[in-house]
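Participant: Below are the sequence and a predicted model for it; my questions follow.
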Amino acid sequence: MENKANYAIDNFDCGFNCSQAVFSAFCEELGLNKKIALKIACSFGGGMALGEVCGAVTGAFLVLGLKYGNNDPEDKFSKAKNRLLNRDFTARFRKLHGYITCKELLNYDITDDKQLNAARQSGIFKTKCPNYVRDTVLLLEEIIAENT
C-alpha cells in the first residue's frame, strides 16, 4: 500500500532517520505507541551511526520482530519464523539494491567526517535514502500479506 510508504518517506523528509521512518509506519497497527517506536528505532539510523546495516533494513527487522517474534523462550516456531522472514526480507532488499549496508548503498563511509560532509553535499540522503525507505515499506507489506 503506497500510503504507508508515503507516510514513511514524509517522516524521513521531516527529520526522522530511516529506521524510525520505517518502524513508525507499522508500529501502531502492531500495538506499539508511535512515540515509543520512534525512540526504539532512533539508534538504528545511519547503519547504527556506523555505516553498517541500513537503518531502513533494521527498521524492517523491528517490524518483523514486533509482528512475528517470540516473547516466550519456549516459542521456537515464532523465533524460527522471524529468522526466516528476516532472511527473506534481506534477500529481496539485496535483489533490489545489491547491498544492505550504508557504506555500500551510499558509497560513502559516513563514520568519516569528510565523507559524511561530502555525502551531505552530494544530496545522497535526499535522493537515495527515500528510495530505500519506500522499498523497505513495500517489501514489508508484501511479506506481511504473504504471511497472514
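Facilitator: Perfect, I can see it now. These figures come from a predicted structure and were not determined experimentally.

Participant: Looking at the chain, which helix is longest?
Facilitator: helix 76-97 (DSSP state H).

Participant: which residues are contacting that helix?
Facilitator: 57, 60-61, 64-65, 68-70, 72, 100, 105, 132, 135-136, 139-140, 142-143, 147 (CB atoms under 8 Å, 6 or more residues apart in numbering). From N, CA and C alone the C-beta is placed, and that goes for glycine too.

Participant: Now intersect those with the strands, please.
Facilitator: Applying DSSP state E to the contacts of helix 76-97, no entry is found in strands.

Participant: filter the residues you listed to the buried ones?
Facilitator: The neighbour count (16 or more other CB atoms under 10 Å) marks 57, 60-61, 64-65, 68-69, 100, 105, 132, 135-136, 139-140, 143 as buried among these.

Participant: ok, so of these, who is nearest L32?
Facilitator: The nearest member of the buried ones among the contacts of helix 76-97 to L32, counting by CB to CB, is G65 at 10.9 Å.

Participant: which residues sit in contact with the closest one?
Facilitator: N82.

Participant: Same question for the one 5 residues further on.
Facilitator: Residues near N70 by CB under 8 Å, 6+ apart: 76-79, 82.
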